[in-house]
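> here is my input; please provide its structure:
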Amino acid sequence: MLFDSSDKAKLLQQKLTAFMEEHVYPNEARFRAELERDRWKPVSFMEDLKVKARSAGLWNLFLPGEKGEGLSNLEYAPLCEIMGRSLMAPEIFNCSAPDTGNMEVLSRYGSQEQKEQWLKPMLEGRIRSCFAMTEPNVASSDATNIRSSIRREGDQYVIDGHKWWASGAGDPRCKIAIFMGKTDPGAPKHKQQSMILVPMDAPGVKVERLLTVFGYDHAPHGHAEISFTNVRVLVSNMLLGEGRGFEIAQGRLGPGRIHHCMRCIGVAERALELMCKRTQHRVAFGKPLAEQGTIRAGIAHSRMEIDQARLLTLQAAHRMDTVGNKAAQTEIAMIKVVAPTVALRVLDRSIQAHGGLGVSQDTFLAAAWANVRTLRLADGPDEVHSESIAKWELRKWQERENSVH
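Have a look, this model is predicted:
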């Protein structure tokens with residue numbers, strides 16, 4: 001199947017590529033330098049870049065409908081890939097996780113009051129958010145294990161729980177958390193959990209520490225371990241209704257997973273470009289590295305793997321657009337396993353070609369590798385997705401067998 005972009009999407013790709021060349025790549029070193037001086041303070045020029053992006057019509061590209069550019073998943077995929085080439089880029093266009101997923105949740109499931117209070121400032125880029133689901137004391141890959149509680153008392157809910165890997169909570173602009181906990185432990189297994197909005201400045205919310213990823217703290221974004229102790233919020237903070245947490249999670253995680261995969265393709269492309277550039281100019285044993293057989297094989301395999309992963313990503317996006325997220329869950333699961341794995345392989349080859357430089361802070365490669373490696377765990381580990389794919393495949397085979405007999 002050929003995936004051709006609309007004229008609108010092609011124009012946005014051109015504009016976004018030009019913006020990246022003019023404003024993003026030249027500022028990456030400055031971005032790192034400012035963070036070295038103050039890890040948890042947003043960099044000084046980020047808001048200026050956001051204004052430029054918004055003026056260029058490159059804002060909320062991920063969001064369908066009137067609040068965004070109205071793009072389909074298939075149209076957004078190449079744009080997300082372009083943004084994925086730089087770790088600092090998605091925020092500039094208000095397209096960074098977990099805000100994208102949280103904005104989609106509020107847009108799809110939020111009340112008018114919730115949208116006005118929280119979605120509106122997020123769409124404008126004035127505040128940021130986090131998603132508090134994973135817990136340190138249980139295997140959160142099975143979300144039915146979650147122990148945090150949401151207890152109704154009159155016109156309030158009382159929230160108690162211990163969460164970690166709440167990405168974005170280190171940012172001082174993070175003002176709201178979407179919290180998942182149990183409202184009814186006695187209900188059917190997938191009806192026990194609910195999601196509720198918890199302001200980060202509510203009494204009883206405490207960021208215990210900020211976690212590192214292979215030594216990277218991902219400042220000023222960060223990944224927090226947070227305790228929620230006797231936190232009280234209004235009943236109106238509940239999203240959609242009690243017992244509907246899994247329903248919201250499935251609606252949120254489909255687009256979130258594929259956005260990660262789209263960005264992975266961009267990371268892999270940039271890593272391959274850097275590998276080609278490095279090996280053309282670096283000489284060892286009397287000839288450029290690019291003339292060494294093992295290097296050439298690595299370049300060839302990287303190109304083949306990236307293109308395969310991109311096609312699978314586009315296929316998943318197309319299915320989401322045409323049959324919906326639920327019916328496309330097999331394709332989403334497949335690309336969620338494939339894209340980070342491919343990106344890691346390409347990054348590893350590029351790091352190898354760069355030698356000591358590749359594992360240092362002087363290229364984006366080492367930080368990108370650490371970032372992508374987490375995606376084999378985030379939004380469901382590879383093993384969970386692979387198990388689901390196997391079940392669906394075996395079910396198809398069984399259905400064919402039954403129809404024959």
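> count the residues that sit near the residue nearest to K115 when sequence neighbours are not counted.
Leaving aside its chain neighbours, K115 sits nearest to L106 (5.9 Å; criterion: C-beta to C-beta, 6 or more residues apart in numbering). Yep, even glycine has a C-beta here, placed from its N, CA and C like the rest. Using other C-beta atoms under 10 Å, L106 is surrounded by 23 other residues.
> do you know how far L106 is from S129?
From L106 across to S129, the span is 9 Å (C-beta to C-beta, to the nearest Å).
> between the two, what contacts are shared?
Contact criterion C-beta atoms under 8 Å, 6 or more residues apart in numbering; residues shared by L106 and S129: W118, M122.
> hmm, who's touching stretch 368-380?
87, 141, 165, 213-216, 218, 253, 256-257, 260, 264, 267, 270-271, 336, 339-341, 343-344, 347-348, 351, 382.
> start and end of it, how far apart?
20 Å (C-alpha to C-alpha, to the nearest Å).
> what mean pLDDT does that stretch get?
Regarding stretch 368-380, the rounded mean pLDDT is 95.
> next, the buried residues of it.
368-380 (16 or more other C-beta atoms under 10 Å).
> now these in TSV, with distance to I196 and secondary structure?
Formatted as TSV, the buried residues of stretch 368-380 follow (distance: C-beta to C-beta, whole Å; DSSP: H, G, I helix; E, B strand; the rest coil):
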residue	distance to I196	secondary structure
A368	34	helix
W369	36	helix
A370	32	helix
N371	29	helix
V372	31	helix
R373	31	helix
T374	26	helix
L375	27	coil
R376	29	coil
L377	25	coil
A378	22	coil
D379	20	coil
G380	22	coil
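> just those residues now: which is nearest H190?
Within those, the smallest distance to H190 is 15.3 Å, found for G380 (C-beta to C-beta).
> pLDDT score assigned to the closest residue to T17 other than its chain neighbours?
With sequence-adjacent residues excluded and distances taken as C-beta to C-beta, 6+ apart, T17 is closest to I82, at 5.9 Å. Listed pLDDT for I82 reads 98.
> how about the CA coordinates for the helix or strand harbouring I82, as CSV?
Here I82 is covered by helix 73-83, with elements defined by DSSP states H and E. C-alpha atoms of helix 73-83 as CSV (Å, rounded to 0.1, in the frame of the first residue of the first chain):
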residue,chain,number,x,y,z
ASN,A,73,-2.9,10.0,12.2
LEU,A,74,-1.5,9.2,8.7
GLU,A,75,-0.9,12.9,7.9
TYR,A,76,0.6,13.6,11.3
ALA,A,77,3.1,10.7,11.2
PRO,A,78,5.7,12.4,9.0
LEU,A,79,5.5,15.6,11.0
CYS,A,80,6.0,13.7,14.3
GLU,A,81,9.0,11.9,12.7
ILE,A,82,10.5,15.3,11.8
MET,A,83,10.0,16.6,15.4
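> list the contacts of that helix.
So helix 73-83 is in contact with 3, 5-6, 8-9, 12-13, 16-17, 20, 61-62, 71, 89-90, 93, 95, 255, 258-259, 262-263, 265-266, 269, 310, 313-314, 317-318, 320-321, going by C-beta under 8 Å, 6+ apart.
> only whichever of those residues are buried, select them in PyMOL.
Remark: buried members of the contacts of helix 73-83, expressed as a PyMOL selection using 16+ other C-beta under 10 Å:
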select buried, resi 5+9+12+13+16+20+61+62+71+89+90+93+95+255+258+259+262+263+265+266+269+310+313+314+317+318+320+321
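> of the contacts of helix 73-83, which belong to helices?
Mapping the contacts of helix 73-83 onto helices (DSSP state H) picks out 8-9, 12-13, 16-17, 89-90, 255, 258-259, 262-263, 265-266, 269, 310, 313-314, 317-318, 320-321.
> shaky segments in the stretch 1-150 of the chain?
Scanning the stretch 1-150 of the chain for pLDDT under 70 picks out the ranges 1-2, 65-68.
> quick one: the helices in this protein?
Counting by DSSP H, the chain has helices at residues 7-19, 28-37, 46-55, 73-83, 89-92, 99-109, 112-114, 120-123, 245-281, 293-323, 329-354, 365-374, 382-404.
> turn those helices into CSV, columns for distance to K175.
Listed next are these as CSV, based on distance: least, C-beta to C-beta, whole Å:
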stretch, distance to K175
helix 7-19, 27
helix 28-37, 21
helix 46-55, 16
helix 73-83, 23
helix 89-92, 15
helix 99-109, 11
helix 112-114, 13
helix 120-123, 8
helix 245-281, 19
helix 293-323, 30
helix 329-354, 29
helix 365-374, 24
helix 382-404, 31
